[in-house]
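A.B. asks: Based on what follows, work out the 3D shape:
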Amino acid sequence: MAQKALAQNMRKKKSVSHHILLVGLKTTLSKVVQNGLQEDDFILHEEFDLTKALKAIARLDISLVVLDQDTYITEESLEFSKRCTSVISHPSVILLTENTSIDHLRLLFQHKVHDCLIKPFKMSELFDSIKRGLEYRQTHIYGVKDALTGLYNRYAFKEILRQEIERAQRYDRHLSLLMIDIDHFKRVNDMFGHLIGDHILEELSRVIQSAFRKTDTIARFGGEEFSIILPETTVGHATLLAERIRKKIEGHDYSRFIKKERLTVSIGISNYHTPGRKSDITLIHSADQALYTAKKEGRNKVVLSR
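C.D. replies: Below you'll find the model as predicted:
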């Protein structure tokens, strides 16, 4: 009975907090929005600086942006909207404006703005738009997010890696990549079943997330393999981070899922500045080769690509 109750409890859908970013809203309107959403599962953030707002979108995994266009020069707000929707896991964007020009509205929707409310508007219209914007984003986010762990999927990971390689090349910056694979995961599935295996993947993804920076990109590369992009990170620092996560995973308590079984990982590291590694394909291949070496040499270890 206890095992049955545990399984039923683990099947329950987790509550998801949506991060909403208010950009350029006047104090009165901002307070009304916050009061109207305070009883729902939302986390609200405010920002006036457009550059800082763009950085917050990726860092906080913003689901929806409410932008008051009239706070800024039109060209600035349009560029901000365009860059919002160019983010891999882009948020829904709701734009508030007094500009009723047909050409202006057409331009907004070319920039993939989810909705545009013409001032003055009813607050019920804004709240309804926020609800629809979040629903739209939720149905489309699985194009870039792994449904089980909530991490980026393989497609999004490759897109982000290409962008980071371009940035490292343009500014001559460091960039490292980790490939992480759970040791003997097939044995876990065989002994405890795939339902428990899925919960182990969820649990391990949370452990990984807790050990890295907001600027790092964590993805489920496939099966029991995870990948982590480390911008501005030297080989030495990447090795320290990899050792830290290896030890953290080994020391984590998984007993509520797999009793006394221990869980370990093997990790391969590659670095953009290593001679000859100038593309996403070679960077991934080099980290994979290092991971294979770690498996071959006994598992539960970190190996740097040579």
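
A.B. asks: shaky segments in the stretch 201-306 of the chain?
C.D. replies: For the stretch 201-306 of the chain, applying pLDDT under 70 flags the ranges 274-278.

A.B. asks: those helices in it, which residues are they?
C.D. replies: Assigned by DSSP state H, counting those that start in this stretch, the helices in the stretch 201-306 of the chain fall at 235-251, 255-258, 280-296.

A.B. asks: Run through the neighbouring helices and strands of the second one.
C.D. replies: Taking 3 or more CB pairs under 8 Å, 6 or more residues apart in numbering; DSSP states H and E as contact, the helices and strands that helix 255-258 lies on are helix 185-192, helix 194-211. For the C-beta atoms, the positions are set from N, CA and C on the backbone; glycine is no exception.

A.B. asks: about what we covered before: I'd like to know which of the helices of the stretch 201-306 of the chain lies nearest to residue 222.
C.D. replies: helix 280-296 (11.4 Å; CB to CB).

A.B. asks: got the buried residues for the closest one?
C.D. replies: 280, 283, 284, 286, 287, 288, 289, 290, 291, 293, 294 (16 or more other CB atoms under 10 Å).

A.B. asks: just stretch 58-69 next, same as before
C.D. replies: Within stretch 58-69, the residues that qualify as buried by neighbour count (16+ other CB under 10 Å) are 58, 61, 62, 63, 64, 65, 66, 67, 68, 69.

A.B. asks: for it, how far is the first residue from the last?
C.D. replies: 21 Å (CA to CA, to the nearest Å).

A.B. asks: Could you count how many residues lie near the closest residue to residue 227 other than its chain neighbours?
C.D. replies: Using CB to CB, 6 or more residues apart in numbering and skipping residues adjacent in sequence, the residue nearest residue 227 is residue 221, 4.4 Å away. Other residues near residue 221 come to 22 when the count uses other CB atoms under 10 Å.

A.B. asks: Test my guess that residue 221 contacts residue 152.
C.D. replies: No. Assessed by CB atoms under 8 Å, residue 221 is found out of contact with residue 152, at 9.5 Å.

A.B. asks: Quick one: residues contacting residue 192.
C.D. replies: Remark: with contacts taken as CB atoms under 8 Å, 6 or more residues apart in numbering, residue 192 is in contact with 257, 258.

A.B. asks: Tabulate the buried residues of stretch 58-69 (JSON lines), appending distance to residue 29, secondary structure and pLDDT.
C.D. replies: Output for these, formatted as JSON lines (distance: CB to CB, whole Å; DSSP: H, G, I helix; E, B strand; the rest coil; pLDDT from 0 to 100):
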{"residue": "58", "distance to residue 29": "25", "secondary structure": "helix", "pLDDT": "75"}
{"residue": "61", "distance to residue 29": "24", "secondary structure": "coil", "pLDDT": "78"}
{"residue": "62", "distance to residue 29": "19", "secondary structure": "strand", "pLDDT": "89"}
{"residue": "63", "distance to residue 29": "20", "secondary structure": "strand", "pLDDT": "89"}
{"residue": "64", "distance to residue 29": "16", "secondary structure": "strand", "pLDDT": "94"}
{"residue": "65", "distance to residue 29": "15", "secondary structure": "strand", "pLDDT": "95"}
{"residue": "66", "distance to residue 29": "9", "secondary structure": "strand", "pLDDT": "96"}
{"residue": "67", "distance to residue 29": "12", "secondary structure": "strand", "pLDDT": "95"}
{"residue": "68", "distance to residue 29": "7", "secondary structure": "strand", "pLDDT": "96"}
{"residue": "69", "distance to residue 29": "13", "secondary structure": "helix", "pLDDT": "93"}
